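>>> Give me coordinates for this.
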Amino acid sequence: MEKTDVQRSAKARDLTLTYYEAGTPTDVGGGLPLVMLHGGGPGASAWSNFGRALPHFADSFRTLLIDQPGFGGSDKPPVVGNYYRFAADYVAALLDELGIERIHLLGNSLGGGTAMRFALSYPDRVGRLVLMGPGGLSLNLFHADPTEGVQRLMDFSMSPSREALRAFISTMVVDQSLVTDELVDERLADATAPGASEAMRSMGMSFWNPETAEDGMLWREAHHLGHHTLLTWGREDRVNPLDGAFAALKLIRKAQLHVFPNCGHWAQIEAAEEFAEITTAFLARHRERSLA
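Below you'll find the predicted structure:
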């Protein structure tokens, strides 16, 4: 599946968002489309996170991978308020533009925070929820903050370089052979594209500014979530470590947790086959005409 064959763009209120679409609805998951939201970090995009996973999911779902505001091919405006709410509202606007009412929603890291905020803000629009080492919801019980991965992200933001980007990407996976020169070069090109560094800075400040940071502490609202939720974690995650899963597992009423061994923050890449099987099976248990 070629990137250019599935790339699309559409208006979401005042922004243009890029997305990638493939597949048609089947009986799996009650026929709902599946929307996937990528993680953050320099050079992140929907395609870099989920492009290789798209063919599998397109076999069962109408699948959309969305470049969140500030990333990939999407517009890069200053963030207003906390990023999770900002991005979730634009995802809702994009779905409105595409005529999509209800979805299953999968989010990785930063995208997990956006997905959680979307489900809290628009509960009737979500069938089931898959959160992969999600931001905002993971509460580190034993690890220091910032974690190693977040610290290396901050290092790149302070002094962007190819070496700093490789150091950041190396924290994403256990298998260092996945950190190829091609991957580093692709991510560096996206991270240094016009507007990218300013968008990254604006996004980051929404989590540090006292006026907007508290809205990103999603673990405080987790008990409101009524959807069946699959939490997935790499056992060796150095960005959002595994102990961060436990508060969410306890607070979300219909949560279950799957842990991938010998796996870091990118389960969809490092444990690709098992990730696809576990996720599809979870979504397949959904029956439409119910909240979850």
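
>>> got the CA positions of the helix or strand hosting Ala92 in CSV?
Assigned by DSSP states H and E, Ala92 belongs to helix 83-98. In CSV, the C-alpha atoms belonging to helix 83-98 read as follows (Å, rounded to 0.1, in the frame of the first residue of the first chain):
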residue,chain,number,x,y,z
TYR,A,83,-3.5,20.1,23.3
TYR,A,84,-5.7,17.1,24.0
ARG,A,85,-8.9,19.1,24.0
PHE,A,86,-7.7,21.3,21.1
ALA,A,87,-6.9,18.2,18.9
ALA,A,88,-10.0,16.2,20.0
ASP,A,89,-12.3,19.1,18.9
TYR,A,90,-10.6,19.2,15.5
VAL,A,91,-10.8,15.5,15.1
ALA,A,92,-14.6,15.8,15.7
ALA,A,93,-14.8,18.6,13.2
LEU,A,94,-13.0,16.5,10.6
LEU,A,95,-15.4,13.6,11.2
ASP,A,96,-18.3,16.0,10.8
GLU,A,97,-16.9,17.1,7.4
LEU,A,98,-16.5,13.4,6.3
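
>>> Note down every partner strand of the helix or strand just after that helix and its orientation.
The helix or strand immediately downstream of helix 83-98 is strand 103-108, counting by DSSP H and E. Using DSSP bridges, the strands paired with strand 103-108 in its sheet are strand 34-37 (parallel), strand 126-132 (parallel).

>>> what angle separates the next helix or strand after strand 103-108 from strand 126-132?
Per DSSP H and E, the first helix or strand lying C-terminal to strand 103-108 is helix 110-121. Counting by axes from the mean of the first three to the mean of the last three CA atoms, to 10 degrees, helix 110-121 lies at 150 degrees to strand 126-132.

>>> Show me what helix 110-121 is packed against.
In this structure, helix 110-121 makes packing contacts with strand 34-37, helix 83-98, strand 103-108, strand 126-132, judged by 3 or more CB pairs under 8 Å, 6 or more residues apart in numbering; DSSP states H and E. The C-beta positions use only the backbone N, C-alpha and C, and glycine is treated the same way.

>>> Could you pull up the mean pLDDT of it?
Averaging pLDDT along helix 110-121 yields 98.

>>> In that helix, which residues are buried?
For helix 110-121, burial by neighbour count (16 or more other CB atoms under 10 Å) applies to 110-120.

>>> Kindly report the same for stretch 232-239.
Buried, per 16+ other CB under 10 Å, within stretch 232-239: 232-234, 236-239.

>>> Now do the same contact list for Arg128.
Going by CB atoms under 8 Å, 6 or more residues apart in numbering, Arg128 touches 29, 104-105, 227-230, 282-283, 285-286, 292.

>>> Closest one to Asp14 out of the residues you listed, please.
Distances from Asp14 to the contacts of Arg128, taken as CB to CB, are shortest for Leu105 (23.0 Å).

>>> Neighbours of that closest one, how many?
Neighbour count of Leu105, defined by other CB atoms under 10 Å: 30.

>>> Which strand residues bridge it?
When bridges are called by DSSP bridges, Leu105 pairs up with Val35, Leu129.

>>> Excluding covalently adjacent residues, which one is nearest to the residue nearest the centre of the chain?
Centroid-nearest residue in the chain, with CA atoms, centre = their mean: Gly111, separated by 2.4 Å. Nearest residue to Gly111 in three dimensions, chain neighbours excluded: Leu37, at 3.1 Å (CB to CB, 6 or more residues apart in numbering).

>>> Lovely, talk soon.
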